[in-house]
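Trainee: Would you be able to build a 3D model of this:
(chains A, B, C and D)
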Protein chains: 2
Amino acid sequence: MKSQKKLSFIEEARRNQIMTCAIEIISSRGYAQASLAQIAKEAGISKGVISYHFSSKDDLIEQIVSDLYESGSTFMTPYLAAQTTALGWINTYIEKNVLFMKSHRKHVIAVTEIIFHARDEEGKPRHFRNIDTDATINVLVKMLHRGTMEGDFREFTDFSARVLAATIRSAIDGLSFQLAASLDLDLDAYAKELVTIFQMAARKV
Amino acid sequence: MKSQKKLSFIEEARRNQIMTCAIEIISSRGYAQASLAQIAKEAGISKGVISYHFSSKDDLIEQIVSDLYESGSTFMTPYLAAQTTALGWINTYIEKNVLFMKSHRKHVIAVTEIIFHARDEEGKPRHFRNIDTDATINVLVKMLHRGTMEGDFREFTDFSARVLAATIRSAIDGLSFQLAASLDLDLDAYAKELVTIFQMAARKV
DNA sequence: TCAATTTTAGTACGATCGGTCAAAAAAATC
DNA sequence: GATTTTTTTGACCGATCGTACTAAAATTGA
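Mentor: Numbering: from 1, shown residues only, chains lettered A, B, ... in the order given. Okay, here's the model as predicted:
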């Protein structure tokens, strides 16, 4: 399932160019502005080229999302794997998530736009390969409970852990929206503050 | 600026019907599905009727947003005005915000959809009368600082207060997105949990 | 160098968008 | 009951959407 065809050098370059232009438009002007015509104009090519290199617009969008997932996974996994406590894991999860947003600013903004906008033809939220919010929440819930057993966190019911987990995710997602609006935001400091906030919110009394 | 014309009974009823149908569609199927054709179909009328009662689609959307703002303001203000401490104010702000979402579920979901989707023709986020996120954040920041002076909250820099304020807003906005997905959510309990989370996050060590 | 292949530009298509409008229908007024 | 006013319908407009397709251009390979 790794390489379905091996793309030529030119093909790969074109695909990257198109995706980069799409990310630029989506992150700066919003999902609705990212028509094939606008993306082609931004790239200085005919929109037929996009159809040639991507099977559909959905395919292009899908690639943008899963590309970011790949980058994010590669970036985050080693840090998370190195953690030995739930406390360290959650702090790292928050901090590295924010720092990843710093290094992939436009891409993160674009994917956030995509996820909040993309729906199927019936209006139901579209599902993206690899992106599973519920699973993320579940991992955080598990870690919160583990932190209680390890003596670092207060007692949680399943519900209270779930609310805290959702709040952590909301803080990170919300930061993405803020990023789209304000360009001058000290993300290192922001990461530190978020870690402090949720460490205090979860800690043993 | 209160009453610009005095609407007839029928006119008022039609406007409410159209707005209700628009809210229904936006909250259940998303902003993109809420074309004039779909709204008219949902209402069982011709789409010309919408144009007759609203000067434009933007006008309709604007009404939906400012209607909710009116309701929210009426609901929230007395509770907030009754608070004598910053701690009480912020706890009340969180709790009543969530409870308001409980009683105006679809409307809140719809307006959240609208605010995150509506852009002007250039792609810049559209500004809504009465809705000013920055101002909300600023009030929260002010209250956090006041809570420090009153001895209930820890020390905040301007930045750290702003991050916490933004996190509170994100938690509430994020809840709206959750509401759109899951129908069975105990909002009273959710409100209590959020109050606990942010009380712990802000409190004096 | 010349044929085969890949890539591109450009046009056209059907669908849908928000909005307009004339004429029909309904309601209000006298 | 006749006339005026309000409301509704349904067809239509120009614009834009994603996509399909053809023919030209560029590249590749022998």
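Trainee: which residues touch whichever residue of chain A sits closest to DNA strand C?
Mentor: Closest residue of chain A to DNA strand C, C-beta to the nearest atom of the strand: residue A:48 (2.6 Å). C-beta here means a position set from N, CA and C on the backbone, and glycine is covered the same way. For residue A:48, the contact set (C-beta atoms under 8 Å, 6 or more residues apart in numbering or on different chains) is empty.
Trainee: 10 Å instead?
Mentor: A:36, A:40 (C-beta atoms under 10 Å, 6 or more residues apart in numbering or on different chains).
Trainee: Look at residue A:151 and report its pLDDT.
Mentor: At residue A:151, the model reports a pLDDT of 97.
Trainee: ok, and the closest non-adjacent residue to it?
Mentor: residue A:204 (6.9 Å; C-beta to C-beta, 6 or more residues apart in numbering or on different chains).
Trainee: ditto for residue A:39
Mentor: residue A:22 is the one closest to residue A:39 (C-beta to C-beta, 6+ apart), at 4.9 Å.
Trainee: measure that neighbour to residue A:127 for me?
Mentor: Using C-beta to C-beta, to the nearest Å, residue A:22 is found at 20 Å from residue A:127.
Trainee: Packing partners of the helix or strand hosting the residue nearest to residue A:39?
Mentor: When secondary structure is defined by DSSP states H and E, residue A:22 falls within helix A:9-29. When contacts are defined as 3 or more C-beta pairs under 10 Å, 6 or more residues apart in numbering or on different chains; DSSP states H and E, helix A:9-29 sits against helix A:36-43, helix A:47-53, helix A:57-81, helix A:105-117, helix A:158-181.
Trainee: change it to 8 Å
Mentor: With contacts defined as 3 or more C-beta pairs under 8 Å, 6 or more residues apart in numbering or on different chains; DSSP states H and E, helix A:9-29 has these neighbours: helix A:36-43, helix A:47-53, helix A:57-81, helix A:105-117.
Trainee: Hmm, residue A:96 is touching residue A:76, no?
Mentor: Yes: Residue A:96 is within contact range of residue A:76, at 5.4 Å (criterion: C-beta atoms under 8 Å).
Trainee: For burial, what's the neighbour tally of residue A:173?
Mentor: Residue A:173 has 19 neighbours, counted by other C-beta atoms under 10 Å in any protein chain shown.
Trainee: Contact partners for it?
Mentor: Residues near residue A:173 by C-beta under 8 Å, 6+ apart: A:112, B:170, B:174.
Trainee: before we move on, what about residue A:62?
Mentor: Residues near residue A:62 by C-beta under 8 Å, 6+ apart: A:128, A:129.
Trainee: Look up how far residue A:113 lies from it.
Mentor: Separation of residue A:62 from residue A:113 (C-beta to C-beta) stands at 14 Å.
Trainee: list the contacts for residue A:26?
Mentor: A:33, A:34, A:64, A:109, A:110, A:113, A:114 are the contacts of residue A:26 under C-beta under 8 Å, 6+ apart.
Trainee: can you rerun that using 10 Å?
Mentor: Residue A:26 sits next to A:32-34, A:38-39, A:61, A:64, A:106-107, A:109-114, A:117, A:180, B:123 when contact means C-beta under 10 Å, 6+ apart.
Trainee: near DNA strand D, which of these show up?
Mentor: Among the contacts of residue A:26, proximity to DNA strand D is found for A:34, A:38 (C-beta under 7 Å from any atom of the strand).
Trainee: Could you write me a PyMOL select line covering just the buried ones among the contacts of residue A:26?
Mentor: Per 16 or more other C-beta atoms under 10 Å in any protein chain shown, the buried members of the contacts of residue A:26 correspond to this PyMOL selection:
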select buried, (chain A and resi 32+33+34+38+39+61+64+106+107+109+110+111+112+113+114+117+180) or (chain B and resi 123)
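Trainee: For chain A, what lies in contact range of DNA strand C?
Mentor: Contact residues, chain A versus DNA strand C (C-beta under 7 Å from any atom of the strand): A:8, A:10-11, A:14, A:44-49, A:51-53.
Trainee: List buried members of these by neighbour count.
Mentor: Buried residues within these, defined by neighbour count using 16+ other C-beta under 10 Å: A:14, A:45, A:49, A:53.
Trainee: So what does residue A:153 have for phi and psi?
Mentor: phi -110, psi 160 (degrees, to the nearest 10).
Trainee: Brilliant, that's me finished.
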